[in-house]
Structure formats: C-alpha cells, structure tokens
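Student: predicted structure and sequence below. I'll ask about it afterward.
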Amino acid sequence: MRAPAAFAALGPLADQIGKSGVLRLCLARDRERTAIVDQYWRIPLQVLPPSYQDEDDEAFVYLLNPTGGIVQGDRLCTDVTLMPGARSVITTQSAAKIYRMDESYAVELNRYTLHGDAVLECVPDQTIPFAGSRFYRATRVDLDPASTLILTDLLAAGRVARGERFAFERLFVEVDVRIAGERLLLDRLNLAPADGAPDRLGLWNDHAYYGTLYACSPRLDEALAGVLAEMFERRDDVYGSAGQPAPGCAIVRVLARTTWQAREALFEAWDLLRRALLDKPARELRKL
Amino acid sequence: MSPSGGGAFALPDDALQALFQLTSGSFPTGAFSHSYGLETFVQEGLVHDVPTFGDWLAAHLTHAAAPTDGAAVALVNRAVTTGDWDAVARIDALLTALKLAPEIRAASLTTGRAALRAARDVFPAPPVESYAALLDERHARGNLAAVFGCVTASLKIAPSASVLAFLWGAASSLTGVATRLVPLGAVAAQRRLRELSACVRDAATAADSLGEHELHASTVAQDIAALRHARLYSRLCIS
C-alpha cells in the first residue's frame, strides 16, 4: 500500500488529532452471534455497536466519519479482523465525500483479514470525489481458503446532479485480494482528468457511475460467475458484466448513468451472491 | 527517450532487426486472434469506422496496455539485466493479478508462452533459458510482456526502446484485427495507426517511469467488453 509518486509530489500528509483516523476491529463468535470483541478508534473514524438485521448471528457494523467528509491531509486507516465463524456486514452511514484540496491529498487504507470460515460482506455507500479533490485509496483483503468475501464499491464522477463530472484532480483506487498469501487479483484504477477525460470510449464511455464487486468463496464456481454475468448483460439500463479471473473468485464491473441504476444493479448482484453463498437474500440496509 | 521526436534510439543494426522481427505479425505469438474486447464493441456498434477505432486504440494503449504490459516490459528488462530473477517472477505475478477479465488473462499467457517457445529457438540466450526455467518451476506464468522484456534484455536492447517496440507491436496487431473485424479499409487504418505515433511514444514514455506499485489499468468499459466477449453469439477472435 504505497501511494503513486504523483501523490507524494502534492505535499505531506498531516499527523494530528482529527486528521489521522484509526479504526481497528476484531469480530469473533461470542455465544450464538458475532460480536466486536476488540476495538480501538480515533476520530475521524468511529464505529457504532452492531445490529442484527437478519435476525441471525451476522453482525451489521456501521462505520462513520462524523466530520462529514474527507479533506486534504486526512489519513484514514481501517483494520478489521474476523475470526473463524464470525460473519459481518460492514457498511457506512452515508456517502464518502472527498472535498476540494489546495494542498496535499487524502489517503484511505483499508485492511480486512478473514480467518477460517469467516464471512465479510463489505457494502459501503458511494464515494463522491468533489471538484479539485485528490484521493488515494488502497484496500487489501487477506482470505483463508474457507472464508467468504463480498466487497462492493461505487464511485461517482463527482456531484453529478449539479453537473460536476470528472472535475476531481487525481484519484487512485486499489483493491488487492489474496488467498492464503497468494494474490488472486489486483484492481488499480488511476484517473487524472487533466491527462484525458475519463468519459470517453473505452474508459467510462459516457457514464458517470462505476461500480465494482469482488467475491471469493469456496462455494463460488464458474456456473455462478456465469449467472452473475448474464444478470448484468440482460440489463439495458447499465453496461456491465462479470467474470471469474481465478477459481473461487468473481469480479463485476458496471457503468451506469444514474446512482440509482448503479446501486440497483449492485444490489441485485449482492442478492444473487448472498442467496447462493449464504442461503439468505440481501436486504436494504437501514441508514440511521 | 523524449516524448515526441528528437533523441532517437541508437540501436545496432542487428538489435533493430531483432526488434522488427519480434514485433512482426509473422512472429508466432498468435496475437492476431486476440481483440482484447474490441470485437464486443464492434458487435455493439460502439466501434464502427476508422475514427471510432482510433479512439478505442488510443484509450487502450494509454490507459491499459502501457500502464500494465508496457511498464512491465521495462521493469522486467531492467531486472533481467541486473540478474534479479525474484523481481522478474514478482512482476510476472503482478501482470497476472492485474488482468481481471479471464479472456485477457488467458490471452497474455497463451501469447506469452508461444512467444517464449519461438524465442528459445530464434533468439537463444541464457536469460531466455532462465525465464523458461522459472516457468517450469512454476515461479512465473509466462505473461507476454514479461517474455518480451526478457528477450529484449538478452539482446541488450534498452528498456525504453523495448517498451516503444512492444506498444507499437500491440497497436499494429490491433489495427490488423480491426481491419478484419469492423471492417476497415487497409490504407485508412494504417494512416490512423501512423497518426497515433506520438500517442504510442507518449504512452511508452509514461510507462517507462512507473514502479511496481503504480502499474494500473483504467479502461473500465474495455474490461466490461472483454468480459462480455465470452458470451457473444458468434466470435472471430479468442478474446
């Protein structure tokens, strides 16, 4: 997790209270359900006590940033460990807003470690990079061959409703998934609109929202990845598909014109995977 | 290497001839049967003439081929020159991980292994054998860009010239594929390829400066097209 050189040239990151957020969580089976057995957090990162929206053992955990958004110099580090038998849905309370930056940039580092047959469903709200923002996000997931991961991400071109598209300065988003120490997939998106508009043929075509989903499970086979692909290819409101880059894992990529279309398509994919891998439907997450 | 014009490469004639041969359509890599998702765009009507193909190719070179394969050619070339075979294996693994559409991942490996088979015979040299041994020992997978960087290093061709040749070869091969798929007039397609010379040079310069932590591919719609390619009703290309 090392930012590209283009970021380092923008200036140093702050290391002060309220700027350098830390969140460490350990989730484990405690009697009949998954509980947070260890936690440490420092503003601007915070976590709410878990809820049990499926009315089973799975803990629904909300991460929040009470400062309302990410500003220049912010460094946010989240580290979540799930012990064998733990199952958790991790989400956010609202969209991640990345504000304009005149100096420096902002960094978000996420690390998820799953042991044994742990299940992690990480379904955050969308990320909105405002005009003039500079943002580096790296997410690393370490899996056990027996564990299950569903991770989604939705990126907006900007504040699209007010006509702001690709006005951010630089964005680098990385997802690194490893199983038993071996890298399964590495997805790195680098957008600097000054070097060429992303809304053109081959990049985002003429779309304004980009969704991804990464799934890994011992139960995920080629047939399921095929069903997922067909589900996206049947939809004519979005441009998407899916595939299986390595045994036991699937990726989804989807481009959409509106946030609703992107969210609905990703929700449908989450639902399909949840039914196949966890034997229960997806649910609309309650936002507080 | 300068971005546009000036500082040309001073290559010995023999090295220059070797680069021509490696990037020639007749070198048996099988590149001519791979469209990297272009066939999907053609069937969906998004690429239908020379200008739309030129836009597709420029995006592919600048935002996918150069920052993954192009950068890897330079990194592997340098690693082979310094004898750092751990780095060669690591960059080869990085390439595999970065190629997310199964057909693209497979295309890099099948064309790479074919190129390696040919190179062991045509350009025999200790580094080429060392890379083949990595493959036998399963420390490398045989991605095309890694093989190319290894062969050019064994021929003492500089990283910058290797990247430029690799990307030009990719552009030329895809122009041939598009000429058959769209279809395009051969002369008009070649004129567009020539017009993209500066684009290829700029992409090569940018690729040559990337570190392992900076390799990336940002062509989202091309990735989706490559994924959708697996389910096209009729297909002329493997990817």
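Tutor: Received, thanks. Numbers count the residues shown, from 1 in each chain, chains lettered A, B, ... in the order given.

Student: give the closest residue to B:Thr23 in space, chain neighbours not counted.
Tutor: B:Gly169 (3.3 Å; C-beta to C-beta, 6 or more residues apart in numbering or on different chains). To be clear about C-beta, it is placed using only N, CA and C from the backbone, and glycine gets the same treatment.

Student: my guess is that neighbour is in a helix, correct?
Tutor: Yes. With DSSP: H, G, I helix; E, B strand; the rest coil as the criterion, B:Gly169 is part of a helix.

Student: what's the neighbour count on it?
Tutor: 22 (other C-beta atoms under 10 Å in any protein chain shown).

Student: equivalent analysis for B:Leu16, please.
Tutor: B:Leu16 has 15 neighbouring residues, counting by other C-beta under 10 Å.

Student: per-residue confidence at it?
Tutor: pLDDT, B:Leu16: 94.

Student: any stretches of the stretch 1-150 of chain A with poor pLDDT?
Tutor: A:14-18 (pLDDT under 70).

Student: mind running it again at 90?
Tutor: Along the stretch 1-150 of chain A, the model assigns pLDDT under 90 to residues A:1-2, A:8-20, A:43, A:65-68, A:103.

Student: spatially central, which residue of chain A would that be?
Tutor: The centroid of chain A falls nearest to A:Asp153 when counting by C-alpha atoms, centre = their mean (3.9 Å).

Student: mind listing the residues bridging to that residue?
Tutor: Beta-bridge partners recorded for A:Asp153 (DSSP bridges): A:Thr212.

Student: on that earlier part again, report the separation between the residue nearest to B:Thr23 and chain A.
Tutor: From B:Gly169 over to chain A the distance is 19 Å, taken as C-beta to the nearest C-beta, to the nearest Å.

Student: who are the contact partners of that residue?
Tutor: Counting by C-beta atoms under 8 Å, 6 or more residues apart in numbering or on different chains, B:Gly169 makes contact with B:Leu22, B:Thr23, B:Ala31.

Student: please apply the same query to A:Thr152.
Tutor: By C-beta under 8 Å, 6+ apart, A:Thr152 lies in contact with A:Cys122, A:Val123, A:Pro124, A:Gly211, A:Thr212, A:Leu213, A:Tyr214, A:Leu266, A:Ala269, A:Trp270.

Student: can you get me a residue count around the first one?
Tutor: Which is A:Cys122. A:Cys122 is flanked by 22 other residues according to other C-beta under 10 Å.

Student: residues touching it, list them.
Tutor: When contacts are counted by C-beta under 8 Å, 6+ apart, A:Cys122 touches A:Val89, A:Ile90, A:Thr91, A:Tyr112, A:Leu149, A:Ile150, A:Leu151, A:Thr152.

Student: kindly recompute the last result at 10 Å.
Tutor: Residues in contact with A:Cys122 (C-beta atoms under 10 Å, 6 or more residues apart in numbering or on different chains) are A:61, A:63, A:80, A:88-92, A:110, A:112, A:139, A:141, A:149-153, A:214.

Student: one more: the fourth one?
Tutor: By C-beta under 10 Å, 6+ apart, the contact list for A:Gly211 reads A:126, A:152-155, A:232, A:238, A:240, A:252-256, A:259, A:261-263, A:265-267, A:269, B:220.

Student: mind picking the two most distant members of the contacts of A:Thr152?
Tutor: A:Pro124 and A:Ala269 (15.0 Å; C-beta to C-beta).

Student: neighbour count winner among these two?
Tutor: For A:Pro124 versus A:Ala269, neighbours defined as other C-beta under 10 Å are more numerous around A:Ala269 (24 against 18).

Student: now name the helix or strand holding that one.
Tutor: Secondary structure assigned from DSSP states H and E places A:Ala269 in helix A:259-278.

Student: average model confidence for that helix?
Tutor: Helix A:259-278 shows a mean pLDDT of 98.

Student: what's the answer for stretch A:242-254, then?
Tutor: Mean predicted lDDT for stretch A:242-254 stands at 97.
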